[in-house]
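Engineer: Next one to model:
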Amino acid sequence: MQLSEAKQQFISAWGGFGSNWGINRTMAQIHALLLISPSPISAETVMAELNISRGNANMNLRELINWGLVERVMLMGERREFFSAEKDIWTVARTIVKERKRRELEPMLKLLDTLAVVESGENPADEKAFVDTIANIKKFSQHANSSLDTLIKADEHWFFSTLLKLLK
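Structural biologist: The predicted model follows:
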């Protein structure tokens, strides 16, 4: 397989994986392009390589920066902005987990705190069932939150050694 074909295949596949991580396809494809680029690239290069509009490129680059997966790079003698992705895949995975936790799990925990307090009076049996269900979801979510915090703080070697112990 030629390098150019392998790169296209990787970019396409990473785009598909992105939707599983809560990132849209184009955003993931831009991330993949930056991930495999040996040096920072401009928005114009992103547009040309992926055949996307300037607005689409800029919007997704901004969002990748917000996620902490990409950074702006200024090159001497250049007026344009260039972009570079974090190359360490362990750091990328932790960043994605951290951002998804912030965007999804933390708001759900706040909602569950609010829902846990139900005024009594309507139907005690239904209220108890509702409160118990919310409490179980909250307990699970708090365990997930704690586990994700541990994963985010952990280094790569600790994580894989712990995972191997669990699989034995």
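Engineer: how about the closest residue to Ala85 other than its chain neighbours, what does it touch?
Structural biologist: Spatially, and ignoring its direct neighbours in sequence, Ala85 is nearest to Leu34 (3.6 Å; Cβ to Cβ, 6 or more residues apart in numbering). C-beta coordinates here come from the backbone N, C-alpha and C atoms, glycine included. Contacts for Leu34 were tallied using Cβ atoms under 8 Å, 6 or more residues apart in numbering; they are 41, 46, 64, 70, 83-85.
Engineer: Same question for Gly55.
Structural biologist: By Cβ under 8 Å, 6+ apart, Gly55 lies in contact with nothing.
Engineer: Domain boundaries for this structure, per the record?
Structural biologist: With domains defined by automatic domain parsing, the chain comprises 3-85, 89-167.
Engineer: for the contacts of Leu34, which one is nearest Trp14?
Structural biologist: Proximity of these to Trp14 (Cβ to Cβ) peaks at Ala85, which lies at 10.8 Å.
Engineer: could I get the contacts of Leu34 as JSON lines with distance to Val97, neighbour count and secondary structure?
Structural biologist: Below are the contacts of Leu34 laid out as JSON lines (distance: Cβ to Cβ, whole Å; neighbours: other Cβ atoms under 10 Å; DSSP: H, G, I helix; E, B strand; the rest coil):
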{"residue": "Ile41", "distance to Val97": "26", "neighbour count": "19", "secondary structure": "strand"}
{"residue": "Val46", "distance to Val97": "25", "neighbour count": "23", "secondary structure": "helix"}
{"residue": "Leu64", "distance to Val97": "16", "neighbour count": "20", "secondary structure": "helix"}
{"residue": "Val70", "distance to Val97": "17", "neighbour count": "23", "secondary structure": "strand"}
{"residue": "Phe83", "distance to Val97": "22", "neighbour count": "23", "secondary structure": "strand"}
{"residue": "Ser84", "distance to Val97": "21", "neighbour count": "16", "secondary structure": "strand"}
{"residue": "Ala85", "distance to Val97": "17", "neighbour count": "19", "secondary structure": "strand"}
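Engineer: Those residues: which two are farthest apart?
Structural biologist: Among these, Ile41 and Leu64 lie farthest apart (Cβ to Cβ), at 12.6 Å.
Engineer: and stretch 107-126, how far out from the chain's middle?
Structural biologist: 30 Å (Cα atoms, centre = their mean, to the nearest Å).
Engineer: What residues of it count as buried?
Structural biologist: 109, 112 (16 or more other Cβ atoms under 10 Å).
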